[in-house]
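In: mind looking at a prediction? Sequence and model below.
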Amino acid sequence: MIDFQGYGPRLLEGALLTLELAVLSLLLAVVLGLVTASARLSRLAILRLPAIIYTVIIRGVPDLVLMLLLFYGAQIGINQLTDMIYDRWGWDIFINVDPFVAGVITIGLIFGAYMAETFRGAFLAVDRGQVEAAESFGMSNWLLFRRIRFPLMMRHALPGLGNNWMVLLKTTALVSIIGLSDMVRVAAEATRATHQTFLFMIPVALGYLAITSLSEIGMQWLKKRYNAGFEEEH
Amino acid sequence: MQELLQSLAPWLNDNAIFTPSTLAQYWEGFVNTVQLVFISLVLGLFLAVPLAIGRASPIRAISKSIWLFTWVFRGTPLLIQLYIAYYGLAFIPGARESILWPLIKDPLYPALLAFTLNTAAYTTEIFYGAIKAMPRGELEAARAYGMSPMMAYRRIILPSALRRALPAYGNEVIFMLHASAIASVVTIADLTGVAYNIYARFYAPFSAFIFVAVCYMVLSFSIQGLFRLLEKRMLAHLQPR
């Protein structure tokens, strides 16, 4: 066994934190992406415009800068808000921004914009006839989305979705900079303390590669599921 | 630059944060970011072309080992690669006594090493994809003319593949610009590092980070525009008429 000089358990905890963070922000990103893609495809300019501004800003600014802005900015913004409430009504509220929550929200927000682009293209690729058929069956908008648009769209969105997930996973490493003890931060601390870079960095790198390889298998399963009924075409 | 900043001073009168001195720091950060990204992109590009050709090679030992390189560098966060380059070199026993120490001590060189290898890996895959997508007919025509593989690459494959890879490469350039923000964690005063220092000094996250976000956006959109222009010129033969 490799001797992690006492850092073993913390590295494992860090790996778990990385996974939790990645999965939670993926969920947030998918929801945000679906909402934004729907808004961008809306007939109403009042819905389209904010969606376009959101995606353009997120895609133009580095993830780390957004993370620093949201993490440090949110605390001050909330403090100013609670101060205002205190001055006006005398309610004393104190909210501390949790780095984990800030991390999930930032990464979810960033990848929501990328997901929106993936989903937008996929929604546009759904066969018009299917939607018309559902409409003529008298399906409500929500039912149409749940039964027809979403499952058909997923087939086109899957490659982009898988790609975004891989990038998201690697982006979680940035939370180590705002002070979360993910596996990268633990490894960096251990490296600074023991001067054994490779002992800690290589296992962490392998950890990322393992998650990536496992996701590959998950993607195959999803592909099979959403390609059901389309095999004849290939 | 100094004169320009001095001439700006009257407009900045009531501004506590954006003084000529902080703007000068931002300018320095801007120069550092552009330098770092530009040098690693150029070096990465020179590495990627032969690597992509090797990746498409029929000799399995060559193509597999290049695949392994791109798989590892694309599958792990750039931050880890940066840490390995930065701490890995500095903590090698005897590094402090070696003649290379001045190079290792300066965080710029380890950062350049990590960024170059990272962008080389992504670019290799982009070029490899473009080489793979060569129309078969063109390859057969080249062979029918009796071209050696070398000549076919030089005259037929590379000119066509590198052009078709242009849109994807444009994305990689912007990705690299954004990824370079992590250079600040190894004490390089790039745009993000400067913004962080100014945030820490004035405790003003909104001014410090929104300003730098706008800088990055301007850079990103300029790069995007540049690549659109390039595509228009170099891919003119593929446009619908």
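Out: Cool, got the structure.

In: quick one, what contacts B:Leu43?
Out: When contacts are counted by C-beta atoms under 8 Å, 6 or more residues apart in numbering or on different chains, B:Leu43 touches B:Leu112, B:Thr116, B:Ala120. In this view, the C-beta of every residue, glycine as well, is placed from N, C-alpha and C.

In: go with 7 Å
Out: The contact partners of B:Leu43, taken as C-beta atoms under 7 Å, 6 or more residues apart in numbering or on different chains, are B:Thr116.

In: so how far is chain A from it?
Out: Taking C-beta to the nearest C-beta, to the nearest Å as the measure, B:Leu43 falls 21 Å from chain A.

In: list the buried ones in the host helix or strand of that residue?
Out: Using DSSP states H and E, B:Leu43 falls within helix B:20-55. By neighbour count with 16 or more other C-beta atoms under 10 Å in any protein chain shown, helix B:20-55 contains the buried residues B:22-23, B:25-30, B:32-33, B:36-37, B:40-41, B:43-45, B:47-49, B:51-55.

In: and the next helix or strand past whichever strand or helix holds A:Gly73?
Out: For A:Gly73, the enclosing helix or strand under DSSP H and E is helix A:63-89. Counting by DSSP H and E, the element after helix A:63-89 in chain order, helix or strand, is helix A:99-125.

In: ok, that next one near chain B or not?
Out: No - Helix A:99-125 does not reach chain B (C-beta under 7 Å from any C-beta of the partner chain); its nearest approach is 10.3 Å.

In: what's whatever helix or strand comes next after that helix in contact with?
Out: Proceeding N to C from helix A:99-125, the next assigned helix or strand is helix A:128-136, under DSSP H and E. Outside helix A:128-136, the residues that touch it by C-beta under 7 Å, 6+ apart are A:Leu144, A:Ile148, A:Arg149, A:Leu152.

In: stretch B:90-106 too?
Out: Contacts of stretch B:90-106 with the rest of the structure, by C-beta under 7 Å, 6+ apart, involve A:His195, A:Thr197, B:Leu89, B:Tyr109, B:Pro110.

In: one more pass at 8 Å, please.
Out: If you take C-beta under 8 Å, 6+ apart as the criterion, stretch B:90-106 is touched by A:Thr191, A:His195, A:Gln196, A:Thr197, B:Leu89, B:Tyr109, B:Pro110.

In: what is the neighbour count of the spatially closest residue to the second one that is not a sequence neighbour?
Out: By the measure of C-beta to C-beta, 6 or more residues apart in numbering or on different chains, the closest residue to A:His195 outside its immediate chain neighbours is B:Phe91, 4.2 Å from it. Each residue near B:Phe91 was counted by other C-beta atoms under 10 Å in any protein chain shown, and the total is 17.

In: and B:Phe91, how far from B:Val49?
Out: When distance is defined by C-beta to C-beta, to the nearest Å, B:Phe91 is 33 Å away from B:Val49.

In: kindly report the same for B:Arg143.
Out: Between B:Arg143 and B:Val49 the distance, using C-beta to C-beta, works out to 22 Å.

In: what's the answer for B:Leu177, then?
Out: As judged by C-beta to C-beta, B:Leu177 and B:Val49 stand 21 Å apart.

In: one more: A:Ser136?
Out: In terms of C-beta to C-beta, A:Ser136 sits 55 Å off from B:Val49.

In: so which bits of chain B are right by chain A?
Out: Taking C-beta under 8 Å from any C-beta of the partner chain, the part of chain B that reaches chain A is made up of B:71-72, B:75-80, B:83-84, B:87-88, B:91, B:177-182, B:184-185, B:192, B:195-196, B:199, B:203, B:205-206, B:209-210, B:212-213, B:216-217, B:220-221.

In: what bits of chain A have low per-residue confidence?
Out: Along chain A, the parts satisfying pLDDT under 70 run over A:1, A:231-234.

In: so which of the residues of chain B next to chain A sit within helices?
Out: B:71-72, B:75, B:78-80, B:83-84, B:87-88, B:177-179, B:192, B:195-196, B:199, B:205-206, B:209-210, B:212-213, B:216-217, B:220-221 (DSSP state H).
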